[in-house]
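Participant: Need a 3D model of the following:
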Amino acid sequence: MLEHEFQCPYCWESITMLLDTSVSKQTYIEDCEICCNPIEITPVFSENELESFQAVDIEQ
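Facilitator: Here you go, the predicted structure:
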């Protein structure tokens, strides 16, 4: 697991999340711990290292 900090696309607060490095590419929805809005999370890993990360609002 990898702890990753990013900005919520709704409230712009900084939040942290644990990411599973054992899955190379994943997309899922998780609520912001501050404003409770749903965020689409897409981390991509290569050899257990974070290659890219996107956190976008699902209302785009």
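Participant: Any stretches of this structure with poor pLDDT?
Facilitator: 60 (pLDDT under 70).
Participant: OK, contacts around the residue lying closest to I34 once chain neighbours are set aside?
Facilitator: Computed as C-beta to C-beta, 6 or more residues apart in numbering, the closest residue to I34 that is not its neighbour in sequence is E13, at 4.5 Å. C-beta here means a position set from N, CA and C on the backbone, and glycine is covered the same way. Contact partners of E13, counting by C-beta atoms under 8 Å, 6 or more residues apart in numbering, are 7, 32, 34-35.
Participant: Are any of those buried, and if so which?
Facilitator: Buried residues within the contacts of E13, defined by neighbour count using 16 or more other C-beta atoms under 10 Å: C32.
Participant: Max pairwise distance over the contacts of E13: which two?
Facilitator: Of all pairs drawn from the contacts of E13, the widest gap by C-beta to C-beta lies between Q7 and C35 and measures 11.8 Å.
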